[in-house]
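>>> When you get a sec, could you give me coordinates for this:
(one chain, ligands or ions: 8)
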Amino acid sequence: MFAIVLAVAGCRERTARPAPRRASATSKRGEDEFLPSRDAYAGSEVCADCHQKNHDRWAHSWHARALAKATPNDVVGNFGGAHFHGESSEAWMRKRGDAYVMRTRDRAGKQGDFDVSYVIGAKRMQDDVTVFPDGRWQVLPVYYHVTGHGAWVDYNEKKQGQIGPDHPFFWTNFRRTANKECLECHTTGLDLRYDRATHAWRTSFVDAGVACEACHGPGARHAETKAKEDILHPGHVAKDVQLSLCARCHGPREPIFPLLDAHDQFRPGDRYGDKFQPLVVTDSTDRSGEYFADGRPSSSSFEYQALLQSRCYLAGGATCLSCHTAPHEDHERDDLKPGDVCLSCHKNLAPDHGHHAKATCVDCHMPPTLSGVLDKFADHAIDIPNPLNTVRHGVPNACNVCHADKSPQSMQAAIEKWWPSAPARQRRRLQLADAIDEKGASMSLAALTAVVRDASEAPSLRGAAAQLLGQRFPTQTPSVVIPLLHERDALLRTRLLESLGYANARANAEDVAAFLDDPSVEVRQAAALVLASFGDARATPALQKLANDPATRGLVRPHIALGIAAARRGDFDAATRELTVAVDEVPYAIDALVLLADLDARRGNLASARNWLEEALRFNPSHRGALERMRMINGKDVGTGFSRSRDGLKPVPTLTGTRARTHLPQ
Ligand code: HEC
Ligand code: HEC
Ligand code: HEC
Ligand code: HEC
Ligand code: HEC
Ligand code: HEC
Ligand code: HEC
Ligand code: HEC
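Residues are numbered from 1 along each chain as shown. Ligands and ions are numbered 1, 2, ... in the order given. So this is what the prediction gives:
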């Protein structure tokens, strides 16, 4: 059999073929030993050997073009001498022989020519990526807007306002390093390494773009056995597994295990909640700019977070594949299934339900109100048009998209006339907006409490409301949250525990400690971190257990928390040990790097302290704490500087707000 596979498969060049091979055809040892591991990727070219049609169709899909080498086939931008001049950046695009080149300014303000090595996307826009000598892939400052009459656009300026070289999103800075920030969702089989000694990144992947194994799981073993058991069929798995495999890329999230921990990365077949926490409404403390005041995402690429809030998902179990299909199956635009995707579930609507000759289901229930810089995207929260929330909270509604000349009040009046039962359904979003909108924060207690307690509400929204409750109303939080702690949804349990952390509810430490053995990793971790923030004695053994258990050793927060605790005790060796583990896992955990510098400085090892600080500044050249300490070391002003540095330990321990992204990047 093997010879046949080899003969068929061998005619193509391919990137990665699994190493383990049959040693001898007559061996008596178990068959299994000679097959590729279930984690081994084959690459789409190998799949094509037996699934030619699927491959050819996929190759023309947008998924396939999520990342591509900069060749004439894939570059869509105008490189014929185009010029862009914005407030934050200036760029000149031209060709030099076969190469595409962008001339722009670096951090020091010096103009240089940067070769475009890769491009990302092409449907609506295309980003250009240049590769630096140290292996960093940097996203160049302007992108080409395909659907915007071919304009070049500075995305960061559009999103963040004018930015200078010190801004984290300046194009040469770490937040624009694609290896860490983009490739996880734009490649297949990513393997990312960082070498601290040489400060160099090594990046490899099996396929550029979203290829077969991103949706079907690593397939080297299946490519040899051809067995169904060795590959995932998204149409034949449990609904939550099916949803997870798309969700993993279609919405921003915090990985539970660090990106460089290859062993613990998500694979199709996994459940989302075991690997990620979705970012919903709050970005640790404030409402994120990517959400409307009523809790719906306001940006594109949040389809998962949006769908989780819909009744179609909550009551109907809809997944992405209820409406979309594989890129290699017959489909309409946007990979939609042929036919009317809504009526497959909503058969019994009144024939005149819409009261309009031309408006479609999507026009009213998935209106194009989300922004992706210049484009508008469909709202996957699939809700009832709600002009009252436009009046009260500035949230756009479907009716006024078409009736832009009418007031939202008149639209609400028309709704109540045509759809008398509408107000009952609209109440849900009105309450969510009353709860979430920071403008009414001081009056939001009743609404927040109602959302947290509402068993029919989306767990992700109840969790976000719990966080806001803990921050805005610490004294009232325990009485609302404690009776709910045994909720089935692990994300909700996590957020409820965190709300007690925000509320600093030390009197409830016992209730928190009851979750140190929860079946969910994220819940166990949250319980331990909240106890640590209370200064509770049970925290340290719980954190040690997480840090030592092989199943959770890859988590980084326990190591950081243990490091901080040890430093507080004055046990600098233990602190250094834990923090070193943390930065081995997350080399760009800047606050941990600065803490390591503090520890060395306090022990008089200034050379090593300087190394840690230099490393921190590599990831964020304008990190205030690191710059300040560097100045002290250089000015030998260490005596006063580092003796006050007990306070230097303070910025990090916001561990109750465990998702504070700037503090604890994954
Ligand atoms: C050597 C030929 C061969 C190669 C290479 C191959 N497959 Fe298959 N694949 C098959 C055959 C044969 C079946 C049908 C199995 C059956 O029906 O029992 C199949 C079935 C499948 C199925 C459906 C499984 C199911 O449960 O019905 C998927 C999905 C799949 N392959 C994906 C892939 C992917 C992805 C790759 C590349 C990593 C790949 N295949 C490589 C031969 C191959
Ligand atoms: C590994 C990450 C990843 C996975 C897994 C993934 N996607 Fe995507 N998806 C992307 C990216 C990136 C794009 C944008 C590609 C581009 O335009 O170049 C995209 C684009 C799309 C589009 C727009 C395509 C079009 O033709 O207009 C749809 C629809 C979509 N994905 C649905 C899904 C569904 C459904 C699943 C699960 C079966 C899924 N995706 C799995 C990353 C992913
Ligand atoms: C964006 C996700 C995605 C990508 C990328 C993808 N598939 Fe699929 N594939 C699916 C989904 C979803 C189904 C199930 C479709 C259904 O049940 O209607 C499927 C079904 C299949 C099947 C079984 C049904 C059939 O068409 O025979 C095979 C085989 C398959 N895919 C092979 C491949 C190969 C080979 C590639 C790469 C060339 C690939 N797929 C890329 C999502 C994907
Ligand atoms: C969490 C996964 C994820 C990450 C990380 C991610 N993307 Fe995407 N990206 C997507 C998805 C999914 C889409 C498809 C658009 C949508 O869902 O509306 C997309 C679309 C795009 C598009 C539009 C493609 C087109 O054809 O119009 C560009 C350009 C892009 N991403 C660039 C980037 C860059 C640059 C980064 C890093 C700074 C990045 N992405 C990080 C998931 C991701
Ligand atoms: C109830 C049906 C339905 C479900 C469920 C659904 N979608 Fe969609 N999706 C649509 C429709 C309809 C459109 C096109 C809207 C329009 O006309 O612009 C769309 C568009 C998209 C687009 C294209 C964005 C763009 O404008 O380029 C992406 C990407 C996408 N969906 C991803 C997903 C993902 C991922 C999921 C699962 C988390 C999902 N969808 C679930 C119906 C659905
Ligand atoms: C997988 C089945 C399924 C699909 C596909 C589906 N829905 Fe639903 N949807 C449901 C169920 C079940 C409910 C809950 C019943 C109810 O609230 O009356 C629901 C509720 C709704 C509601 C009421 C929302 C609310 O907050 O009260 C609207 C509006 C809706 N769907 C629109 C759509 C549209 C538009 C589409 C197509 C783009 C669609 N649905 C596709 C199953 C589905
Ligand atoms: C012109 C706007 C408009 C159009 C078009 C429209 N709807 Fe609605 N829909 C509404 C309003 C307003 C409500 C709330 C009224 C209510 O609850 O009775 C609603 C309620 C619903 C509900 C929940 C109440 C129920 O009767 O089950 C569902 C499901 C639904 N729509 C699905 C659809 C589908 C599917 C389509 C396309 C065939 C569609 N709608 C077209 C405005 C519209
Ligand atoms: C896709 C665009 C679109 C959407 C969305 C839409 N309408 Fe309309 N509406 C129209 C058009 C076009 C007409 C003209 C006659 C027709 O097509 O029925 C109209 C007619 C009307 C009329 C008749 C009086 C007039 O102004 O001509 C009312 C009232 C109305 N719409 C209210 C609503 C309400 C309320 C909603 C939201 C629930 C809504 N519409 C959503 C396009 C839209």
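>>> drop to CA atoms for contacts and neighbour counts, all remaining ones
Fine.
>>> Correct me if wrong, but Gly339 is in a helix.
No: counting by DSSP: H, G, I helix; E, B strand; the rest coil, Gly339 is not found in a helix; it is coil.
>>> Give me the neighbour count for it.
Look at Gly339: counted by other Cα atoms under 10 Å, it has 11 neighbours.
>>> just the helices in the stretch 101-250 of the chain please.
For the stretch 101-250 of the chain, the helices defined by DSSP state H, counting those that start in this stretch cover 155-160, 178-181, 183-186, 212-216, 220-225, 239-247.
>>> any chance of those helices in JSON lines, with mean neighbour count and distance to ligand 8 too?
Shown next, in JSON lines, are these (neighbours: other Cα atoms under 10 Å; distance: least, Cα to the nearest ligand atom, whole Å):
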{"stretch": "helix 155-160", "mean neighbour count": "15", "distance to ligand 8": "27"}
{"stretch": "helix 178-181", "mean neighbour count": "19", "distance to ligand 8": "36"}
{"stretch": "helix 183-186", "mean neighbour count": "21", "distance to ligand 8": "33"}
{"stretch": "helix 212-216", "mean neighbour count": "22", "distance to ligand 8": "34"}
{"stretch": "helix 220-225", "mean neighbour count": "21", "distance to ligand 8": "47"}
{"stretch": "helix 239-247", "mean neighbour count": "21", "distance to ligand 8": "28"}
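>>> out of those, which comes closest to ligand 6?
helix 239-247 (10.7 Å; Cα to the nearest ligand atom).
>>> Confirm for me that Pro587 is in contact with Ala197.
No: with contact defined as Cα atoms under 8 Å, Pro587 does not count as touching Ala197 (11.3 Å).
>>> Pick out whichever of those two has more residues nearby.
Applying other Cα under 10 Å to Pro587 and Ala197 shows that Pro587 carries more neighbours, namely 24 against 7.
>>> So which bits of the stretch 51-200 of the chain are right by ligand 4?
Residues of the stretch 51-200 of the chain lying near ligand 4 by Cα under 6 Å from any ligand atom: 120-127, 139, 176, 178, 181-182, 184-185.
>>> Out of the residues you listed, grab the one that's most surrounded.
Highest neighbour count within these, by other Cα under 10 Å: Val139, with 27 neighbours.
>>> List the beta-bridge partners for the nearest residue to it once chain neighbours are set aside.
Counting by Cα to Cα, 6 or more residues apart in numbering, the nearest residue to Val139 once its immediate chain neighbours are dropped is Val129, at 4.5 Å. With DSSP bridges as the criterion, Val129 is bridged to Tyr118, Val139.
>>> what's the distance between Trp418 and Gly289?
Note on Trp418: its distance to Gly289, by Cα to Cα, to the nearest Å, is 34 Å.
>>> err, Pro255, not the other one
Going from Pro255 to Gly289 by Cα to Cα gives 20 Å.
>>> of those two, who's got more company?
Pro255 (21 against 14).
>>> If you drop the residues flanking it in sequence, what lies closest to that one?
Nearest residue to Pro255 in three dimensions, chain neighbours excluded: Phe276, at 4.5 Å (Cα to Cα, 6+ apart).
>>> and the one you found, backbone torsions?
When read as degrees, to the nearest 10, the backbone of Phe276 gives phi -140, psi 150.
>>> any idea how far Phe266 is from it?
As for Phe276, its distance to Phe266 is 9 Å (criterion: Cα to Cα).
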